[in-house]
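> below are the sequence and a predicted model; questions follow.
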Amino acid sequence: MPEVSPDVPLAPWTTLGLGGPARRAVVARTAEEIVTAVRSAGDEPVLVLAGGSNVVVADAGYPGLAVLIRSSGWSVSAEDGPAVDLVVEAGQDWDELVAYTVTEGLAGVECLSGVPGSAGATPIQNVGAYGQDVSEVITGVTVLDRHTGDVVDLTAADCGFAYRSSRFKHSDRWIVLSVGLRLQRSTTSTPIRYAELARAVGVEQGGTAPLKTVRDAVLALRRGKGMVLDPADPDTRSVGSFFVNPVLSAGAYAHLVAQLDGREPPSWPDGDVVKVSAAWLIEHAGFAKGYARAGAAISGKHTLALTSRGGSTADLLALAQEVRDGVHERFGVTLRPEPVLVNCEL
């Protein structure tokens, strides 16, 4: 069992650099150490932190055991024609893995280049960017079930994937130990669905481009929005997009458009619902890039990113509440936070 330490500050383990101490904390470097640490907690609350890129930790910290995951690595588990299956440890740096897949000619996650955090966090959030969702390539997830104490293998269907969500996101029952991915041997990307990225690589939507070309373009786009971690850039002290794009019924979308004098926000129809750009709603509710209040600010590069500017978690949440309430007052649409809120609420 790795050494357990008392009163460990959590701020250094998060991309926001915010949050008070955990009552106890332990660093787990293998799946076995993760299991041992979590089982040792008994009924004590457990917070699992790896990259810390999608969590907002309260100023009061966490009143339980924080398991700081530092497992790493991946292996090829099977090959079937062009299909290659990988098993990736939960603590593995995600972008390092994506860089490997691009170098090795494995298509399926190239549009997720530059996403901060760990591989184990990707199924929890159903991480997506530039038209790709990780759920499209996940074959299964190995987890520790805290209710039974067993290590179990879940299929992709068991994961309950939805837009930026899964069965894991708001539950402390499941601790991700490793993730299975199925990628395709190819020198070119999967079809590029996202218009901005298609323009950046010079193809039509639905076209393909060399994997490295796509990765480089995604990284450039993300850097331009402050979405690639850079200690010298205060706009990257964030959790990425703070709000998810709202999904509206056809009637709710029609009501929204009726308020806009014929204008229509960027939107993506999907059957009976329409996904609407949260960034557009925020900007048109009067919150521009760089909008600031004490200790927190909207990124100067990307409206969806709320950044810490030397303040506290309370400062960040106050800004988030102001933005959420402003959008609701202007458009009648309620924005939902994308990160996991730890011992705090919005």
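Cool, the structure landed.
> and the end-to-end length of stretch 267-282?
Length of stretch 267-282, first residue to last, CA to CA, to the nearest Å: 14 Å.
> list the buried residues for that stretch?
For stretch 267-282, the neighbour count (16 or more other CB atoms under 10 Å) marks 267, 273, 274, 275, 276, 277, 278, 279, 280, 281, 282 as buried. (Glycine included, C-beta is placed from N, CA and C.)
> what's the pLDDT at the last one?
In other words, residue 282. Looking at residue 282, its pLDDT stands at 98.
> so what's it up against?
Counting by CB atoms under 8 Å, 6 or more residues apart in numbering, residue 282 makes contact with 243, 298, 303, 304, 323, 326, 327, 335.
> okay, now residue 235: neighbour count?
The local packing of residue 235 (other CB atoms under 10 Å) involves 20 other residues.
> hmm, back to that, nearest to residue 233 among the contacts of residue 282?
residue 298 (14.6 Å; CB to CB).
> now that closest one. Nearest residue, chain neighbours left out?
Counting by CB to CB, 6 or more residues apart in numbering, residue 291 is the residue found nearest to residue 298 once chain neighbours are left out, at 4.5 Å.
> that neighbour against residue 297, yeah?
Yes: judged on CB atoms under 8 Å, residue 291 makes contact with residue 297 at a distance of 6.6 Å.
> which residues does residue 105 contact?
Taking CB under 8 Å, 6+ apart as the criterion, residue 105 is in contact with 185, 186, 187, 211.
> let me see the contact set for the nearest residue to the first one once chain neighbours are set aside.
In this case it means residue 185. Of all residues not flanking residue 185 in the chain, residue 82 sits nearest, at 4.4 Å (CB to CB, 6+ apart). When contacts are counted by CB under 8 Å, 6+ apart, residue 82 touches 184, 185, 186.
> and residue 321, how many residues sit next to it?
11.
> so for the helix or strand hosting residue 214, what gets flagged as buried?
Using DSSP states H and E, residue 214 maps to helix 211-224. Buried residues in helix 211-224, counting neighbours by 16+ other CB under 10 Å, are found at 211, 212, 213, 214, 215, 216, 217, 218, 219, 221, 222.
> the second one contacts residue 104, doesn't it?
No: the pair residue 212 and residue 104 does not pass the contact test of CB under 8 Å, sitting 11.4 Å apart.
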